[in-house]
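Participant: Fold the stuff below for me.
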Amino acid sequence: MSSSLSVLLSVALLAVLGTVPNLLLVPGPPPVLLLRLPFISHNPFRLRCPGGERSGNLHWEYSNGSEALTIAGPWAAHYYRGPLKQLKMRSRVLWDQLEVRHARPRDSGLYVCKDGQRTVARFQVEVQDATRLHVSQEALGQWGLGRLPAPPPGRRTLLFTVWSSWQACDRCGSPGERKRLGYCYGRAGAETVPCGLMTGLGFLSPPRGPELQVEVCRVSCPLRVTPPPPSPRTRLARPGSHLVLSCPGGSIHRPVSWQRDGVPLTRAMLLRHRGEASSHWLDPLTGGASYCIARVAASDRGLYRCQVGGRPAASFRLVLPNAPTPHRRFELVRILGAARALLATFAALFISSALLELAHCCYPRPLALPGSLTLPLTPDPWHCRGQ
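Facilitator: Take a look at the predicted model:
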């Protein structure tokens, strides 16, 4: 009987001891995951804070190997200097998102979303340099980078491109173009990260940048009312100057299309005419959001319109000042010459009159003496003061 009681007591003690650790555990918030995301410079990017409450206390901290500092939100400081100040000026909070305008490669780092003192999300961001962007369009005989050859033994690093999905066609009802982005990624052992983050794993910066692929597309227009285009803004340019027309709201992440005087302009069409005296092209760094004209000529006058996502965004009327005709220029030269001659005549007459007046007032006056004898007096140096 005693043996049975001892067994039961031992089982009860083990059960109690087994539940002690669980009783001592305090439930807390789940761990915050770290997301690694690549972006392309010269364009905006956004980070969404999942589960972030719209309480007005949402703010974002930034760190790049140093102390985390608030760059956007109600507690963002105003005394930052250097690159951090520039990053703060280009950052803003839109509800539960952080938007960084005109991103730069040095904006890479750790972004942390906080709601008060609670950490909501963490993002390890790499901004890949758009100046190393490789653009390809098979219709023009341009090919992508492809996968680099296998690394040598002992260095298990493989570089490749991770493609996003195709964007929508940039226009409807006529042949257009669509694009997709490719980000540089590397695989080192079991790690697959954006190329710029491989330096943190002990690897050198890879000699490879992002990619942009373009192809021809054609879609029918949906049955919806298209809003009228905005009123054109006049852009004045001098002949021979360089002009850039920027489409508001456009970026490499959105479909952007252009037209001139109602004629669609595509990347392929403009590249075929790059040999002309006046070159037109779409800036690849912004995915065609900027329309560039080099050596502006009189033939470039016209009305330029752009669309973003199939909706009108802006209109520009390019105007060049009229150069004066040779006849008008000759008349202007004659008028200026006559004015100079007349001014010189008046100046000469004024100087001559002043000299005569000065000589007349300062000439010694004769002194009458008895016996009709006159003697000249020494000129008085103070005599002309009152004149």
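Participant: Strands along the stretch 201-350 of the chain, start to end?
Facilitator: Read by DSSP state E, counting those that start in this stretch, the stretch 201-350 of the chain holds these strands, from start to end of the chain: 211-217, 233-236, 243-246, 256-260, 263-265, 279-282, 290-294, 302-308, 311-319.
Participant: shouldn't residue 214 be in contact with residue 181?
Facilitator: No - distance between residue 214 and residue 181: 10.9 Å, which falls outside the contact criterion (CB atoms under 8 Å). Heads up, the C-betas are built off the backbone N, CA and C, glycines and all.
Participant: What angle do strand 256-260 and whichever strand in the chain runs longest make with each other?
Facilitator: Once the chain is assigned using DSSP state E, the strand that runs over the most residues is strand 176-188. Using axes from the mean of the first three to the mean of the last three CA atoms, to 10 degrees, the inter-axis angle of strand 176-188 relative to strand 256-260 is 150 degrees.
Participant: so what strands line up beside strand 176-188?
Facilitator: For strand 176-188, the paired strands and their directions (DSSP bridges) are strand 157-163 (antiparallel), strand 191-194 (antiparallel), strand 211-217 (antiparallel).
Participant: Now do it: distance to the chain's middle.
Facilitator: 21 Å (CA atoms, centre = their mean, to the nearest Å).
Participant: which parts of that strand are buried?
Facilitator: Within strand 176-188, the residues that qualify as buried are 176-179, 181-186, 188, counting by 16 or more other CB atoms under 10 Å.
Participant: just curious, which of these is nearest to residue 268?
Facilitator: residue 177 (7.2 Å; CB to CB).
Participant: Domains in this protein, by residue range?
Facilitator: Taking automatic domain parsing as the criterion, the chain consists of the domains 34-127, 131-217, 233-319.
Participant: Tell me which of those domains sits nearest to residue 357.
Facilitator: Go through those one by one with CB to CB and the one that ends up closest to residue 357 is domain 233-319, at 52.4 Å.
Participant: now that closest one, how far from the chain's geometric center?
Facilitator: Using CA atoms, centre = their mean, we find the averaged C-alpha position of domain 233-319 to lie 16 Å away from the chain's own average C-alpha position.
Participant: same deal with stretch 120-135?
Facilitator: Its chain's C-alpha centre and that of stretch 120-135 lie 15 Å apart, by CA atoms, centre = their mean.
Participant: start to end distance for that stretch?
Facilitator: The distance separating the two terminal residues of stretch 120-135, taken as CA to CA, to the nearest Å, comes to 37 Å.
Participant: ditto for stretch 273-286
Facilitator: Looking at stretch 273-286, the gap from its leading to its trailing residue is 20 Å under the measure CA to CA.
Participant: contacts for stretch 258-267?
Facilitator: Residues external to stretch 258-267 that are found in contact with it (CB atoms under 8 Å, 6 or more residues apart in numbering): 137, 171, 174-177, 214, 247, 257, 280-282, 288, 291, 302-307.
Participant: and the two most separated of the buried residues of strand 176-188?
Facilitator: Of all pairs drawn from these, the one with the largest separation by CB to CB is 176 and 188; the distance is 39.6 Å.
Participant: coming back round to it: select only the buried ones of the contacts of stretch 258-267 in ChimeraX?
Facilitator: Selection command for ChimeraX covering only the buried members of the contacts of stretch 258-267, criterion 16+ other CB under 10 Å:
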select :137,171,176,177,214,247,257,280,281,282,288,291,304,305,306,307
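Participant: per-stretch mean pLDDT over the domains of the chain, give me the minimum one.
Facilitator: Taking each of the domains of the chain in turn, the lowest mean pLDDT turns up on domain 131-217, with a mean of 84.
Participant: Check the offset of that one from the chain's centre.
Facilitator: Mean-position distance between domain 131-217 and its chain equals 22 Å (CA atoms, centre = their mean).
Participant: Would you mind giving the domains of the chain as JSON lines with distance to residue 343 added?
Facilitator: What follows is the domains of the chain, written out as JSON lines (distance: least, CB to CB, whole Å):
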{"stretch": "domain 34-127", "distance to residue 343": "53"}
{"stretch": "domain 131-217", "distance to residue 343": "57"}
{"stretch": "domain 233-319", "distance to residue 343": "32"}
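Participant: out of these, nearest to residue 227?
Facilitator: Proximity to residue 227 (CB to CB) singles out domain 233-319 among the domains of the chain, at 6.3 Å.
Participant: For the closest one, give the distance from the opening residue to the closing one.
Facilitator: Note: domain 233-319 ends 10 Å apart using CA to CA.
Participant: In the protein, where's the longest helix?
Facilitator: helix 326-362 (DSSP state H).
Participant: Which positions within that helix qualify as buried?
Facilitator: Buried residues in helix 326-362, defined by neighbour count with 16+ other CB under 10 Å: none.
Participant: Check stretch 234-243 too.
Facilitator: Across stretch 234-243, burial judged by 16+ other CB under 10 Å covers 235, 237, 243.
Participant: quick one: which of the residues you listed is nearest residue 337?
Facilitator: residue 237 (32.4 Å).
Participant: ok, that closest one to residue 293 distance?
Facilitator: Plainly put, residue 237 is 8 Å away from residue 293 if you go by CB to CB, to the nearest Å.
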